[in-house]
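In: pasting the sequence and the predicted coordinates here, then a few questions.
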Amino acid sequence: MKRLWLIHLTSLIAIAIWAVSDPLFETTIQYRGLSDASQNVGWIRVASFTLVVIFAIGSLLALLFQTLSRRSAPRHRSTRQLLAITTVIAVWFSFALYHDAIAWQGKRLRFATRVDELEAIVAPLRYEWPDRDGELRGIGPFMAYPFGRPTTLLLLEAPRVAERSVYVSAVERSDTGAIKLQLTGTDGGDWAEWHPPGSQPSSFTGGLADSHELQSATSIGNGWYLVRYRA
């Protein structure tokens, strides 16, 4: 019984740590077919995830079976074991419902360590926002839109924020002076935004007339926010 509990709790902790630390966790669990998932996130990640899930389900069923089949066990012990199993099941249901929020907080923690790299990209733009196409140190060549009074820079050579995982594809500047970086890459898909005092992330229309409806935002320090807009 103790060994089964050890296997199950290890599986639960492993899944939780995975959700927090792996940028592709959400992508991995969204695929229904193993072949599609393997092609997009790699067979090693899919096989590892499948194995952990099998251990978790198998150990939970074994625990439940052993608890229900032990007629000779004292009643108070059986009740305590059933309560423990019920608690674990409730934890799994909570994880199933809120795994996206857990993964989001993990992403927030990762980007909190990247503020200096984001700052290096944005710092020159706070004091000298381009009024035409050009090239700047830190972001490379870009195209500025709309013409005349640009608020959007489309970067032709996306600067890297994190090794092989995050790049900046575009930069937006709002009327409040906030500067917003559109992120791509395996840990991208969202925005990193710097806001001056009194400004916070909100829905906006970009320089290419593209609308972005705010879904969630969380502070990562020094005026920076990790922001997600609805697709």
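Out: Sure thing, it's come through. Predicted model only: the values in this text are computed from it and were never measured.

In: what is the subsequent helix or strand relative to the helix ranked longest in the chain?
Out: For the chain, the helix with the greatest residue count under DSSP state H is helix 75-112. Proceeding C-terminally, helix 75-112 gives way to helix 115-127 as the next helix or strand, assigned by DSSP states H and E.

In: so how far is residue 201 from residue 159?
Out: Distance of residue 159 to residue 201, computed by C-beta to C-beta, to the nearest Å: 21 Å. Just so you know, the C-beta spots here come from the backbone N, C-alpha and C atoms, and that holds for glycine as well.

In: who has more neighbours out of the two?
Out: The residue with more neighbours, out of residue 159 and residue 201 and counting by other C-beta atoms under 10 Å, is residue 201; that gives 22 against 17.

In: for the closest residue to the more buried one other than its chain neighbours, give me its contacts.
Out: Nearest-residue entry for residue 201: residue 217, 4.0 Å, with adjacent residues in sequence omitted and distances by C-beta to C-beta, 6 or more residues apart in numbering. By C-beta atoms under 8 Å, 6 or more residues apart in numbering, residue 217 lies in contact with 193, 200, 201, 225, 226, 227, 228.

In: again with residue 82
Out: Contact partners of residue 82, counting by C-beta under 8 Å, 6+ apart, are residue 67.

In: what is the burial count for residue 11?
Out: Using other C-beta under 10 Å as the criterion, residue 11 is surrounded by 20 other residues.

In: ok, residue 47 next?
Out: Residue crowding around residue 47 was assessed by other C-beta under 10 Å; the count is 13.

In: pLDDT value on it, please?
Out: Each residue has a pLDDT score; the one for residue 47 is 87.

In: SS state for it?
Out: Using DSSP: H, G, I helix; E, B strand; the rest coil, the three-state assignment for residue 47 comes out as helix.

In: ok, now how distant is it from residue 196?
Out: Distance, residue 47 to residue 196, using C-beta to C-beta: 47 Å.

In: now do residue 101
Out: Residue 101 sits at a distance of 28 Å from residue 196 (criterion: C-beta to C-beta).

In: before we move on, what SS does residue 201 have?
Out: What three-state DSSP gives for residue 201 is coil.

In: wait, it touches residue 194, no?
Out: No - using C-beta atoms under 8 Å, residue 201 is not in contact with residue 194, being 10.4 Å away.

In: now for residue 79: which residues touch it?
Out: Residue 79 sits in contact with no residue, where contact means C-beta under 8 Å, 6+ apart.

In: mean confidence for stretch 21-28?
Out: When the per-residue pLDDT values of stretch 21-28 are averaged, the result is 87.

In: so where is the chain shaky, pLDDT-wise?
Out: In the predicted model, the chain carries pLDDT under 70 at residues 32-37, 39-40, 70-78, 163-164.

In: can you give me the helices for this structure?
Out: Under the criterion DSSP H, helices of the chain are mapped to 2-21, 25-30, 34-41, 43-69, 75-112, 115-127.

In: going by neighbour count, list what's buried in the longest strand anywhere in the chain.
Out: Taking residue count as the measure and DSSP state E as the definition, the longest strand of the chain comes out as strand 211-221. Using 16 or more other C-beta atoms under 10 Å as the test for burial, strand 211-221 gives 212, 217, 220.
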